[in-house]
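J.: What follows is a predicted structure for the sequence shown.
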Amino acid sequence: MSVERIATSLRTAGQPAGRGTATVPEPLARLWHKAAAAIERRRALSLIGEMDDRMLRDIGIVRSDAERAIRYGREDERPVPPWWGR
């Protein structure tokens, strides 16, 4: 399992790609963004399901809270310092 594949999906799960929608009517654009966000959340949830418990513990979530973490983020959103700043 590729770590980059997991990281990219988890990083973008709550934020669909920002594309220009200047010519699209606003209700259609909102529907499109909601659909894209739902697809990304589903993809992230399936990737989380493929991880073992040790990998989940490394990223700071437990399996029972995976969907909540994908939808709303983790409760503890402290920035992680880089390895050279520890």
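T.: Here it is on my side, so go on.
J.: Torsion angles phi and psi at residue 52?
T.: Note on residue 52: its backbone torsions stand at phi -90, psi 170 [degrees, to the nearest 10].
J.: tally of neighbours for it?
T.: 10 (other C-beta atoms under 10 Å). Bear in mind the C-beta positions are built from the backbone N, C-alpha and C, glycine included.
J.: in stretch 59-76, what counts as buried?
T.: 61, 66, 69-70 (16 or more other C-beta atoms under 10 Å).
J.: In helices, which of those residues appear?
T.: Counting by DSSP state H, the part of the buried residues of stretch 59-76 found in helices is 66, 69-70.
J.: coming back round to it: now render the buried residues of stretch 59-76 as CSV, adding pLDDT and distance to residue 46.
T.: Shown next, in CSV, are the buried residues of stretch 59-76 (pLDDT from 0 to 100; distance: C-beta to C-beta, whole Å):
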residue, pLDDT, distance to residue 46
61, 85, 15
66, 85, 10
69, 84, 14
70, 85, 11
